[in-house]
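**Student:** Pasted the sequence and its predicted model underneath.
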Amino acid sequence: MDFGKLIVISIGAVFINNYIFSRFLGICPFVGVSKKLDSATGMGFAVIFVMSLASAVCYALNTYLLVPLKLEFLQTLLFILVIAALVQFVEMVIAKISPSLYTALGIYLPLITTNCAVLGVAVLNVNEKFTFIESLVNGFMGGIGFTMALLLMSGLRERYETADIPKPFQGFPITFVTAASMGLAFMGFAGLSF
Amino acid sequence: MKMMGELTKGFFKENPIFVIMLGMCPTLATSTSMSNAVGMGIAATFVLVCSNILISILRKIIPNTIRIPCYIVVIAAFVTIVDLSMKAWFPELSKSLGIFIPLIVVNCIILGRAEAFAGKNGIIASTLDGIGMGIGFTMALLLLAFIRELTGTGKLFNIVILPENYFNPALIMILPPGAFLVLGSLMALFAWLRLRKEKA
């Protein structure tokens, strides 16, 4: 086990190649759910959970089913079905074992199926030829990076509620302009890459 | 006449990017150059039109309760076709669009049109709707790519428009923050135009 590589992957997924600011994955939930801090927290944790699970399951299916059978062209189809089924399954399990967690995450779970960060991480793991542990770490840390961006954004957007913004900029436009300046700050992390 | 409306509503009135605000991720990521934008626009339009046609044909067979998984399978099949053909015939383009080709599956425009239009309307109307929405999406991508490539590199389709001794390219425009900035400013511009029209 190469711990050095795991650390490189983790820092890469959270800061250098942040899923929102540099890979542009998961922009729809990023602008849609970042209005309030507590809903952003719920969405963030749901994404971390599903992204780690999806990385693990998609890795296993790809390595032990698709590659031996030479069916790699079915990747996209299989991955999206697995993610959809996984989200449904997670929703059912959480509803059964922890109703309080379910009420907190409930409405965000179905939205995750169409979050491109989840399918993106599964495809990236295959493209980068990660091992099982590396895929898992990449998925988990990608989720952390996503949540961090979401929380930072929602903190800023709560302040906008009382700010005097020019009318054409209200709503989505100011969110994107803010994301641009946050993206600039995140580009500073590019110096960390090895 | 009504059919023409189905075609043209995607251009401006219900433009998927600027009005309905769907499909943001590929818009931001693939508008770094005009050639990427054209490639992405054509790929997404192809998937959109084909999936609209097939879903519209199958709309009476697909049970209502499992319609979303069925739509996703149809869309994923067409995305796989696009992915493989692009790898075979346009390897350069396929490399620069990268994972955004398989990610057309989760492009909300396509699932959104399947759910909101193709699942309820006839084949001809759905085809026109798909073409219109695809053109609207492509136009929005081209507009973004035009601004970003011109200001970021001084080129269009890799042909130098603004020579470097007169114009110093702002590299930031083709990097991620430029994408957010241009999209945000364009949205504000359209909102301003809309507000002015309402007042008048």
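**Tutor:** Thanks, I have it.
**Student:** So B:Leu93 sits against B:Ala37, correct?
**Tutor:** No: between B:Leu93 and B:Ala37 there is no contact under Cβ atoms under 8 Å: 11.0 Å. Just so you know, the C-beta spots here come from the backbone N, C-alpha and C atoms, and that holds for glycine as well.
**Student:** quick one, which of those two is more surrounded?
**Tutor:** B:Ala37 (25 against 18; other Cβ atoms under 10 Å in any protein chain shown).
**Student:** Quick one: low-confidence residue ranges for chain A.
**Tutor:** A:1, A:104-107, A:193-194 (pLDDT under 70).
**Student:** And the strands in chain B?
**Tutor:** B:155-156, B:159-160 (DSSP state E).
**Student:** What's the separation between the residue of chain A found nearest chain B and B:Phe18?
**Tutor:** Here chain A gets closest to chain B at one residue, A:Phe176, 3.0 Å apart by Cβ to the nearest Cβ. According to Cβ to Cβ, to the nearest Å, A:Phe176 and B:Phe18 sit 12 Å apart.
**Student:** To chain A, which of the strands of chain B lies closest?
**Tutor:** Among these, strand B:155-156 comes nearest to chain A, with 21.9 Å by Cβ to the nearest Cβ.
**Student:** that older thread, which other helices and strands contact whichever strand or helix holds the residue of chain A closest to chain B?
**Tutor:** Take DSSP states H and E as the rule and A:Phe176 turns out to sit in helix A:172-187. Here helix A:172-187 touches helix A:27-32, helix A:132-160, helix B:176-199, going by 3 or more Cβ pairs under 8 Å, 6 or more residues apart in numbering or on different chains; DSSP states H and E.
**Student:** Output these as a markdown table; include the columns distance to A:Gly171 and mean neighbour count.
**Tutor:** Below are the helices and strands packed on helix A:172-187 laid out as a markdown table (distance: least, Cβ to Cβ, whole Å; neighbours: other Cβ atoms under 10 Å in any protein chain shown):
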| stretch | distance to A:Gly171 | mean neighbour count |
| --- | --- | --- |
| helix A:27-32 | 9 | 22 |
| helix A:132-160 | 10 | 21 |
| helix B:176-199 | 8 | 18 |
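**Student:** right, and those helices - which one's nearest B:Glu6?
**Tutor:** helix B:176-199 (22.3 Å; Cβ to Cβ).
**Student:** Could you tell me which other helices and strands that closest one packs against?
**Tutor:** helix A:172-187, helix B:24-29, helix B:123-153.
**Student:** what angle separates it from helix B:123-153?
**Tutor:** 120 degrees (axes from the mean of the first three to the mean of the last three Cα atoms, to 10 degrees).
**Student:** which residues does residue 155 contact?
**Tutor:** Since you didn't name a chain, this refers to chain A. Contact partners of A:Gly155, counting by Cβ atoms under 8 Å, 6 or more residues apart in numbering or on different chains, are A:Leu37.
**Student:** wait, I meant chain B there
**Tutor:** Applying Cβ under 8 Å, 6+ apart, the residues near B:Lys155 are B:Glu149, B:Ile161, B:Leu162.
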